[in-house]
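Asker: Return atomic coordinates for the entry below.
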Amino acid sequence: MYRGPGAAANGPKHHYVLELYALDFKPGVKPAPDAFETRTMLMKEIQGHVLGKAVYLGLFKRPN
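Answerer: You can find the predicted model right below:
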């Protein structure tokens, strides 16, 4: 479940990068306990199946 940006109440703006991939198949990767491990497995599985990609970079800071 995605809960949105989780920047600390105080401090600098946080960078968020959202990547959207158009694929020619449905990946079957099961989530691992570590999000970085899940991403690594997913990126390996989709290699050669990417039809397109979009990237959105945002900055977020909680209002005072």
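
Asker: measure stretch 39-53 end to end?
Answerer: Start-to-end span of stretch 39-53 (CA to CA, to the nearest Å) is 16 Å.

Asker: so how far is it from its chain's centroid?
Answerer: Counting by CA atoms, centre = their mean, to the nearest Å, stretch 39-53 is centred 13 Å from the centre of its parent chain.

Asker: now do stretch 18-32
Answerer: 11 Å.

Asker: ok, now stretch 33-44?
Answerer: On CA atoms, centre = their mean, the centre of stretch 33-44 falls 10 Å from the chain's centre.

Asker: Once you drop chain neighbours, what's closest to residue 54?
Answerer: Excluding its sequence neighbours, the residue lying closest to residue 54 (CB to CB, 6 or more residues apart in numbering) is residue 20, at 4.6 Å. In short, each C-beta sits where N, CA and C put it, glycine included.

Asker: Can you show me the CA trace of the host helix or strand of that neighbour as CSV?
Answerer: Element membership for residue 20, per DSSP states H and E: strand 14-23. Extracted in CSV, the C-alpha atoms of strand 14-23 (Å, rounded to 0.1, in the frame of the first residue of the first chain):
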residue,chain,number,x,y,z
HIS,A,14,12.9,15.4,-0.1
HIS,A,15,13.3,14.1,-3.7
TYR,A,16,10.8,11.5,-5.0
VAL,A,17,11.2,9.7,-8.3
LEU,A,18,8.3,7.8,-9.7
GLU,A,19,8.9,5.5,-12.7
LEU,A,20,6.2,4.1,-14.9
TYR,A,21,7.0,1.2,-17.3
ALA,A,22,4.9,0.0,-20.3
LEU,A,23,5.6,-3.8,-20.5
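
Asker: Pop out the phi and psi values for residue 39.
Answerer: In terms of degrees, to the nearest 10, the main-chain angles of residue 39 are phi -60, psi -40.
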